[in-house]
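Asker: A predicted structure for the sequence below; I have some questions about it.
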Amino acid sequence: MASSDLETKAKEAFIDDHFELAVDLYTQAIGLSPTTAELFADRAQANIKLRNFTEAVADANKAIELDSTMAKTYLRKGVACINLEEYETAKAALETGASLAPHDSRFIKLIKECDEHIAEEAAEQPEQLVDKAPIDVATPNNLPSFVGLSSQGTSMPVSSTKPRYRHEFYQKPEEVVVTIFAKGIPANSVVVDFGEQILSVTIELPDEEAYHFQPRLFGKIIPMKCGYEVMSTKIEIRLVKADTVHWTSLEYSKDVVFVQKAVVPSGKQKPTYPSSKPNRVDWDKLEAQVKKEEKDEKLDGDAALNKFFRDIYKDADEDTRRAMSKSFVESNGTVLSTNWKEVGLKKVEGSPPDGMDLKKWEY
């Protein structure tokens, strides 16, 4: 069957809401006409309907590479990127499309939506914290999966088979370094694209199926600052983080929550104590309040007398304290003197109250 016939059937399937069939038919048509930008642009739309947004971006990028004058391709890339929460990338694509189709109100509406999301992100952006954690190394052999695409850009299910090229990553506070171990690959056979939260790597060799690696990244990056280098044994890709947060994996997962490190205060500052309650207790303030209440407390009888002696001892100098301790102990609690010159020269004898006898206890 000719490519044009397959394209016609794909369009009919799309109209009938048979989006998976449409993707399959467009893929077959692309196999026969791999340089037709229209086929990639239309398959991108079908992938959007299937919520295969990463694949839709890949198709849109390929269509733009083949023909950069189709406004609808930029519209579809913008829609897919918005759904991936890549608002900066979406806005850039939509602005290019708007310049090609200035009377299409869809571009204006979506650009406005991007601006609102970008403003919200800026307002919610937490204070940037420098991650001082040691460099981490992670291998994806048993964790993240990759999206496989055929040489025509075919969307394939996630595969459990071993990928052709092994990859791993490690990170620093400000960047993530991804290494793809591909030996002897010519530099002109490697294409690397950076999105706001997407990395796209394509390796095309003669007479071999193309290798595609397109993860949605754990966090956002700054595409303009990212780069890569093709070496004799590997491809090294440097991703500059938009936020200095710790990546627990290379690929995005909706179940993973960003964890910010605690800010280390500068200078001398009293520690505060954490609390699980919404309103944290200021223990320093509470301690000062208790001390004030104790000081102002009105006591009677023995309690008042004991407090009086405690206050004397607390505010006394070293000689006075020694005199008080020695006299109290040696007199079995019957004498309390503050005169060290007198107490220090002799043993303090007990002096019981009138009408009472002092007895010596045998141990």
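Answerer: Thanks, I have the structure now.
Asker: Tabulate the CA atom coordinates of the helix or strand residue 93 falls within in PDB.
Answerer: For residue 93, the element it lies in under DSSP states H and E is helix 87-100. Extracted C-alpha coordinates of helix 87-100, given in PDB (Å, rounded to 0.1, in the frame of the first residue of the first chain):
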ATOM      1  CA  TYR A  87       6.000  26.000  30.000                       C
ATOM      2  CA  GLU A  88       9.100  27.800  28.900                       C
ATOM      3  CA  THR A  89       9.700  25.300  26.000                       C
ATOM      4  CA  ALA A  90       6.000  25.400  25.200                       C
ATOM      5  CA  LYS A  91       6.000  29.200  25.000                       C
ATOM      6  CA  ALA A  92       9.000  29.300  22.700                       C
ATOM      7  CA  ALA A  93       7.400  26.800  20.300                       C
ATOM      8  CA  LEU A  94       4.100  28.700  20.400                       C
ATOM      9  CA  GLU A  95       5.700  32.100  19.700                       C
ATOM     10  CA  THR A  96       7.400  30.600  16.700                       C
ATOM     11  CA  GLY A  97       4.100  29.200  15.500                       C
ATOM     12  CA  ALA A  98       2.300  32.500  16.100                       C
ATOM     13  CA  SER A  99       4.800  34.200  13.900                       C
ATOM     14  CA  LEU A 100       3.900  31.800  11.100                       C
END
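Asker: Which helix or strand lies directly C-terminal to it?
Answerer: helix 105-124.
Asker: picking up where we left off before, tell me what angle the helix holding residue 93 forms with helix 105-124.
Answerer: 150 degrees (axes from the mean of the first three to the mean of the last three CA atoms, to 10 degrees).
Asker: Any figure for the gap between residue 336 and residue 349?
Answerer: 14 Å (CB to CB, to the nearest Å). Quick note: C-beta positions are derived from backbone N, CA and C, even for glycine.
Asker: Please apply the same query to residue 189.
Answerer: 104 Å.
Asker: which of those two has more neighbours?
Answerer: residue 189 (16 against 11; other CB atoms under 10 Å).
Asker: list the contacts for the more buried one?
Answerer: Residues in contact with residue 189, defined by CB atoms under 8 Å, 6 or more residues apart in numbering, are 203-205.
Asker: Inside strands: which ones of the residues you listed?
Answerer: Assignment to strands by DSSP state E places the following of the contacts of residue 189 there: residue 203.
Asker: Neighbour-wise, which one of the contacts of residue 189 leads?
Answerer: residue 203 (21 neighbours).
Asker: elements contacting the helix holding residue 93?
Answerer: On a contact count with 3 or more CB pairs under 8 Å, 6 or more residues apart in numbering; DSSP states H and E, helix 87-100 meets helix 71-83, helix 105-124.
Asker: can you tell which of those helices is closest to residue 62?
Answerer: helix 71-83 (9.3 Å; CB to CB).
Asker: Quick one: low-confidence residue ranges for the stretch 151-300 of the chain.
Answerer: Applying pLDDT under 70 to the stretch 151-300 of the chain flags the ranges 151-163, 254-287, 290-300.
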